[in-house]
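1. From the sequence below, what's the structure:
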Amino acid sequence: MGRISGQLCRRKPLGTMIAESDDPHPPSGSDGHGGGSGSGGGSLQRTMGLGQLTLLGISSVVGTGIFFVLGTTVPDTGPSVILSFALAAAVAGLAALCYVELAGTVPVAGSTYSYTYASLGEGAAYLVAWCLILEYGVAVSTVAVSWGQYLNELSSSLFGFTLPDAISQAPGAGGYVNIPALVVVLLCSLLLARGTRESATVNAVMVCVKIGVLLLFVAVALTAFRSEHFSDFAPHGIGGIGIAASGVFFSYVGFDTVATASEEVRNPRRTIPLALLLTLATVTALYILVAVAAVGAQPTAKFGEQADAGEAVLAQILRNVTGAGWPAVLLAAGAVVSIFSVVLVTLFGQTRILFSMARDGLVPQIFRRVDRERHTPVHNTWIVGACVGGLAALVPLQYLADLTSMGTLVAFVAVAAAVIVLRRIAPDAPRPFKVPLYPLVPVLSAVSCLYLAYLLPGITWTLFGCWLLLAAALYLTFGRRHSSLRDPEPPAESTESTPQPQPAAAPATRAGEQLTRPDGPTVR
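-> This is a model prediction of the structure:
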């Protein structure tokens, strides 16, 4: 038990992390992909600036929930959903301040996983990484399902045709397989495999489209604004606002994707913090505008009716307000584009988490292999795309959103803890930005995230607990045995001493386990 405890608590030194991310010529494998087994790998390329990275952050957030979350929250919360968005934004803002400090101190790929590895140790980092995999993977699946709904809305408006439920709904939701959700995930995987520069350019165009479409919605919906729709403002009081905040928090998932791009950004110590703050400010303003316009345009009871009928809520509001079809067609087209960009960027974040874990030896090395020409982890991208696409095709939407919120909230708690621990163990580390009102802000961030997590349904806690048990089993059976920080195995037991041991008689390892490199990082 003592040995396992030591493995769980070992930290990766900050200097080692930064040296690995800055090394333009990492050790290469022999498989022709810039990395093989063992310590093989490849380098990511720094191609993004502040503008592209901010658009990456906005893209990963806007569309994750705003296109469908109003239909599930307004019927229960009423107009006070506006305050729920503000409360969720405040929780996300506290976490963002912690992210900003850590992004300047630890400017490497991996985001929360890397921050936790440097502060709380390997065991906590591994569990947090699986929370991030849950966050990104389930978020992609959720928005991919929503993409299929808006695609049907668009095809219905343009051609009078919708895909049958059998091939556009998951089992349990009236169908057998959700083909549109699978297709959008695989298309995004193809684009990501082609290269980061190309993906960022396409994403920038799509972000401009989605912001324009949402602003159009606000402008049209405000023409039908009725103050009487706000009369029963908070039917369930403060408690209802808090419960709804835990639901709409899903709409803020993704801004931390910015931090996963640290090794593909120029001047990351400056660029990452600014992009995080700009992303959250833009998204919060846009969400509150959309919520005010939507609630003012129709009675709260209609939101539930539209959601239950599987209709795209925002598109239906425009159709009802204008009495014409073209605004709804435009919104549906914008949603198809914007949700595509969310899938693209969130897949990007998940592949970079696995890339960092593979570099640390905690998952198989195939996730670290980087194509020499495209400078992207191609194998990693296609494996993630296949798994996430299968989840989107086969699991109904209602089981996905709350799991994403749970994974995100736990990751935010780890970020707040990492700020406090790194201030103690690495007080002289560079910090271009420091969390104000320390330690009050990180403590408030952790407490507020735990509060929202507490409000999530019991089934979400059960599923999340099962997920963490699976992660713990994988760490004990694979991760701790292949970690780059592992201790060399003790020499094979022998009562006979040899006069001159051969060089091959290095410390023995278990079958299939590689030896620690002589120049590898030391355990601290």
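2. Now for residue 280: which residues touch it?
-> 89, 92-93, 96, 252, 255 (CB atoms under 8 Å, 6 or more residues apart in numbering). Backbone N, C-alpha and C define where each C-beta goes, glycine included.
3. Let's see that with 6 Å instead.
-> Going by CB atoms under 6 Å, 6 or more residues apart in numbering, residue 280 touches 96, 255.
4. Same question for the one 10 residues further on.
-> Shown in contact with residue 290 (CB under 6 Å, 6+ apart): 66, 214.
5. do that again at 7 Å, thanks
-> Neighbouring residues of residue 290 by CB atoms under 7 Å, 6 or more residues apart in numbering: 66, 214, 217-218.
6. Secondary structure and pLDDT for those - can I get that in TSV?
-> Shown next, in TSV, are these (DSSP: H, G, I helix; E, B strand; the rest coil; pLDDT from 0 to 100):
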residue	secondary structure	pLDDT
66	coil	75
214	helix	87
217	helix	88
218	helix	92
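7. Just name the closest of the residues you listed to residue 458, please.
-> Distance to residue 458 across the contacts of residue 290 (CB to CB) is lowest for residue 66, with 26.5 Å.
8. How about that closest one: what's its closest non-neighbour residue?
-> Nearest residue to residue 66 in three dimensions, chain neighbours excluded: residue 251, at 5.3 Å (CB to CB, 6 or more residues apart in numbering).
9. That neighbour: neighbouring residues, count only.
-> 29 (other CB atoms under 10 Å).
10. Wait, residue 295 touches residue 229, no?
-> Yes. Counting by CB atoms under 7 Å, residue 229 is a contact partner of residue 295 at 5.9 Å.
11. Overlap in contacts, those two.
-> residue 79.
12. When these two are compared, which one has more neighbours?
-> Regarding residue 295 and residue 229, a neighbour count based on other CB under 10 Å identifies residue 295 as having more, with 26 against 19.
13. Can you give me the distance of the spatially most central residue of the chain to residue 408?
-> In the chain, the centroid-proximal residue (CA atoms, centre = their mean) is residue 136; its distance is 3.6 Å. The gap separating residue 136 from residue 408 is 9 Å, by CB to CB, to the nearest Å.
14. Switch the contacts of residue 290 over to CSV; also include neighbour count and distance to residue 245.
-> Output for those, formatted as CSV (neighbours: other CB atoms under 10 Å; distance: CB to CB, whole Å):
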residue, neighbour count, distance to residue 245
66, 26, 15
214, 24, 21
217, 28, 22
218, 16, 22
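15. ok so, going back, from residue 407, how far off is the residue nearest to the centre of the chain?
-> 8 Å.
16. I'd like the distance from stretch 419-436 to the chain centre, please.
-> 24 Å (CA atoms, centre = their mean, to the nearest Å).
17. what's that stretch in contact with?
-> Residues contacting stretch 419-436 (CB under 7 Å, 6+ apart): 14, 97-98, 100-102, 104-105, 118-120, 269-270, 273, 439, 441-442.
18. The same query, at a cut-off of 10 Å, please.
-> When contacts are defined by CB atoms under 10 Å, 6 or more residues apart in numbering, stretch 419-436 is touched by residues 11, 13-15, 18, 94, 97-107, 115-116, 118-121, 269-270, 272-274, 276-277, 416, 438-439, 441-443, 445-446, 524.
19. still on that earlier bit, what sits in contact with each of residue 136 and residue 408?
-> Taking CB under 10 Å, 6+ apart as the criterion, residue 136 and residue 408 both touch 253-254, 256.
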